[in-house]
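Q: predicted model, plus sequence, below.
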Amino acid sequence: MGQFWEYLKISLKSILDNKMRSLLTMFGIVVGISSVIMVVALGNGVKGTITGEMSSMFSAQTYIKAGTAMELYPEAMMNREDVDMLREKVDHISVIDMEISDNLEIMNRGGGLMGFTYACTPDYEKVEKQGFLSGRFFNRDEYDEAKKVCVINEFGAKEIFGHTSVIGQYVTLKFYNGKEEDYRIVGVREEQSNALMSALGDTGSIEIRIPYTAYANAYGISAADDEFFSVLLIPDSPNNAKTTIRSCIKLLEGKKNLRGQKKYTYTSFDSMMDQFNTIINGVTIFISFVAAISLVVGGVGVMNIMLVSVTERTQEIGIRKALGAKISSIMIQFLAEAAVLTVIGGTMGIIIGYLGAELLCFIASKVVKMNIVASISPLIVIGVVLFSAIIGMFFGMYPARKAAKLSPIEALRQE
């Protein structure tokens with residue numbers, strides 16, 4: 001251990017005796033390490049923010065589909081009776097819902113206002129992350145009786161009525177078949193700002209939710225004539241997700257006589273997020289690899305300066321070898337100096353990289369109006385420091401070997 005500290009002191013003295021040269025040598029290492037740290041911390045920050053926003057909107061949601069992303073199977077299409085069957089017979093279901101969306105005209109101001117009308121079941125209340133500014137969601141009795149009631153969002157209430165005290169008032173919807181129907185407002189959903197939607201340019205829209213039964217009546221659709229390509233499923237616990245999905249698909253296949261034909265597929269939020277994270281991680285690794293190329297340039301700089309150091313200290317090496325210093329001791333001395341150079345450069349790179357990532361995240365947060373926080377694992381930081389030391393030792397190997405193989409007599413002759 002004492003010999004180790006001696007090598008360390010010699011290395012630090014050599015670096016401090018040539019401050020400018022050492023700083024210039026470390027520059028390539030600093031740039032390479034800081035670039036990698038910056039990219040990884042920024043990538044993790046963006047991934048964490050988007051994942052958090054997406055989770056708050058779609059966590060635990062799964063869609064059971066009558067087909068695949070590329071193909072629709074008409075014989076597997078679902079209806080209200082199928083949804084009711086799943087609700088009654090499958091355990092561990094928190095939400096099972098079919099949702100139809102239409103961009104319908106709103107006639108309260110003589111027409112001209114367009115709003116998104118969503119026809120769903122009372123279960124959808126559990127999907128909504130927003131609270132209620134006033135009122136409530138429509139209930140099961142209103143759904144079963146196809147009551148013409150609705151829930152409107154805060155933005156929509158302000159657009160149509162100019163205020164949000166609209167409980168008990170009516171909104172007139174014009175369906176595509178020409179029917180105009182009045183729906184009594186029973187609830188106003190509180191607007192919840194979402195950074196991701198704001199970043200994508202979604203500044204707000206009129207959203208009205210009505211019972212699917214009332215929607216079906218408006219179009220004259222019976223329970224047996226419904227056709228849904230997909231239904232929304234949310235299990236009561238993530239631990240029950242796979243079992244619940246399999247049970248639903250098994251029941252549907254049995255009811256439609258489609259057993260073993262694999263006509264039903266499902267897409268879960270977790271699987272989509274896994275794909276998203278894989279893409280982000282791949283991009284981050286690729287950019288980090290490109291940034292790390294500058295480490296090779298920094299390593300060449302370390303080799304160059306160590307060769308200069310060997311030339312300048314030829315007599316010192318000769319004296320040490322004449323006094324009995326082993327070849328391994330000479331090599332370790334110069335390898336230690338190269339490693340110290342790169343570790344110091346790596347440490348500076350980590351600090352600069354993290355500060356740079358914080359600055360970039362701050363600027364990005366202001367631009368996209370999302371709270372992006374730089375994030376990096378301590379293991380990555382440790383790995384980067386070790387990698388920088390390995391780079392130094394690798395590129396310091398040749399100068400160290402050259403120094404160790406110098407003949408004492410030839411070395412002592414040097415002026």
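A: Cool, got the structure. Numbering: from 1, shown residues only.
Q: list the buried residues for whichever strand or helix holds Ala241?
A: Using DSSP states H and E, Ala241 sits in helix 241-255. Buried residues in helix 241-255, defined by neighbour count with 16 or more other CB atoms under 10 Å: 241, 244-245, 247-249, 252-253. Quick note: C-beta positions are derived from backbone N, CA and C, even for glycine.
Q: for those, work out which two are farthest apart.
A: The distance between the two most remote of the buried residues of helix 241-255 (CB to CB) is 18.7 Å, for Ala241 and Glu253.
Q: which one's the longest strand in the chain?
A: Longest strand of the chain, by residue count under DSSP state E: strand 180-189.
Q: that older thread, the helix holding Ala241 packs against which elements?
A: strand 62-65, helix 80-89, strand 93-97, strand 230-235, strand 265-268 (3 or more CB pairs under 8 Å, 6 or more residues apart in numbering; DSSP states H and E).
Q: C-alpha coordinates for it, PDB please?
A: Extracted as PDB, the C-alpha positions of helix 241-255 are listed here (Å, rounded to 0.1, in the frame of the first residue of the first chain):
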ATOM      1  CA  ALA A 241     -53.500  -8.800 -15.200                       C
ATOM      2  CA  LYS A 242     -52.300 -11.800 -17.200                       C
ATOM      3  CA  THR A 243     -54.800 -14.200 -15.600                       C
ATOM      4  CA  THR A 244     -57.700 -11.700 -16.200                       C
ATOM      5  CA  ILE A 245     -56.800 -11.100 -19.800                       C
ATOM      6  CA  ARG A 246     -56.500 -14.800 -20.600                       C
ATOM      7  CA  SER A 247     -59.900 -15.500 -18.900                       C
ATOM      8  CA  CYS A 248     -61.600 -12.800 -21.000                       C
ATOM      9  CA  ILE A 249     -60.100 -14.100 -24.200                       C
ATOM     10  CA  LYS A 250     -61.000 -17.700 -23.400                       C
ATOM     11  CA  LEU A 251     -64.700 -16.700 -22.700                       C
ATOM     12  CA  LEU A 252     -64.900 -14.700 -25.900                       C
ATOM     13  CA  GLU A 253     -63.400 -17.500 -28.000                       C
ATOM     14  CA  GLY A 254     -65.900 -19.900 -26.400                       C
ATOM     15  CA  LYS A 255     -68.900 -17.600 -27.100                       C
END
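Q: chain center to that helix, what's the gap?
A: In this view, helix 241-255 has its centroid 30 Å away from the chain centroid, taken as CA atoms, centre = their mean, to the nearest Å.
Q: cool, stretch 214-221 as well?
A: On CA atoms, centre = their mean, the centre of stretch 214-221 falls 40 Å from the chain's centre.
Q: tell me the one of the buried residues of helix 241-255 nearest Leu379?
A: Ala241 (30.0 Å).
Q: what's the spacing between the closest one and Val231?
A: Distance, Ala241 to Val231, by CB to CB, to the nearest Å: 15 Å.
Q: with Met20 instead?
A: Between Met20 and Val231 the computed distance is 70 Å (CB to CB).
Q: centre-most residue in the protein?
A: Taking CA atoms, centre = their mean, the centroid of the chain lies closest to Lys47, which sits 2.7 Å from it.
Q: that residue: which element?
A: Counting by DSSP H and E, Lys47 is part of helix 19-58.
Q: which secondary structure element contains Val300?
A: Per DSSP H and E: helix 269-312 holds Val300.
Q: elements contacting that helix?
A: Contacts defined by 3+ CB pairs under 8 Å, 6+ apart place helix 269-312 against helix 19-58, helix 327-368, helix 378-404.
Q: repeat the analysis, applying 10 Å as the threshold.
A: Applying 3 or more CB pairs under 10 Å, 6 or more residues apart in numbering; DSSP states H and E, one finds that helix 269-312 contacts helix 2-17, helix 19-58, strand 62-65, helix 327-368, helix 378-404.
Q: nearest to Met70, of the buried residues of helix 241-255?
A: Closest to Met70, out of all of these and judged by CB to CB, is Ile249, at 18.6 Å.
Q: I'd like the next helix or strand past the helix or strand bottoming out on mean pLDDT in the chain.
A: Sorting the helices and strands of the chain by mean pLDDT, DSSP states H and E puts helix 195-199 at the bottom, at a mean of 49. Next helix or strand after helix 195-199 toward the C-terminus (DSSP H and E): strand 207-211.
Q: no more questions from me, cheers.
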